[in-house]
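Novice: Below are the sequence and a predicted model; questions follow.
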Amino acid sequence: MSSNIPKDPSEGSSRSTTGDQSHHPAPLSRYESQKRRDWNTFGQYLKNQRPPVSLSQCNFSHVLEFLRYLDQFGKTKVHLHGCVFFGQPDPPAPCTCPLRQAWGSLDALIGRLRAAYEENGGSPEKNPFGNGAIRVYLREVKECQAKARGIPYKKKKKRKNQIKANEEVKASKLQAT
């Protein structure tokens, strides 16, 4: 009796992979990878609810709870109304105001999840990520952060960009001579 168990775990399946049959799918774009990661994260969030929530039961209130949950992982300082630095773009000292998710990050996340929902069989009419309450929430976050002048952590420039910029400068100098 022969066994269909692969000899090497890296083979993956018991099918023959000889000749033209072996092909690797093209790697996902950065956007597609992020969309898949976001979709999996949201699915895990629903499973971790007590009681767990199935995707078919999910509605806009679960999406709003998810967005609020994500705030704890934010990196954008949003000054509260009582803070002495409220409304100042560059405060001179640190404060105890909370870190939140930046509005732009939440907006992009909702766009990716909205697309992923439909790609995974959800109907556009029932898409909880496209609900008006989500748009209202995002608008409120945007206005709140604009008033507070939320300050994101300054990201260091990537070395690739600096190298590319230097190469472009050198190329333009060579063309000028």
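Specialist: Ah, there it is.
Novice: remind me which residues of the protein are low pLDDT?
Specialist: 1-23, 150-177 (pLDDT under 70).
Novice: Which residue ranges of it form helices?
Specialist: 30-47, 60-70, 103-119, 132-148, 159-176 (DSSP state H).
Novice: And these: which comes nearest Thr96?
Specialist: Closest to Thr96 of the helices of the chain is helix 132-148 (CB to CB; 13.8 Å). All C-beta spots, glycine's among them, are computed from the backbone N, C-alpha and C.
Novice: returning to what we had before: dump the helices of the chain to CSV, plus mean neighbour count.
Specialist: Putting those into CSV (neighbours: other CB atoms under 10 Å) gives the following:
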stretch, mean neighbour count
helix 30-47, 14
helix 60-70, 16
helix 103-119, 18
helix 132-148, 15
helix 159-176, 9
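Novice: Make JSON lines from those helices and add distance to Asp90 to it.
Specialist: Output for the helices of the chain, formatted as JSON lines (distance: least, CB to CB, whole Å):
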{"stretch": "helix 30-47", "distance to Asp90": "30"}
{"stretch": "helix 60-70", "distance to Asp90": "26"}
{"stretch": "helix 103-119", "distance to Asp90": "19"}
{"stretch": "helix 132-148", "distance to Asp90": "13"}
{"stretch": "helix 159-176", "distance to Asp90": "24"}
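Novice: Any idea which of those helices gets closest to Gly87?
Specialist: helix 132-148 (6.9 Å).
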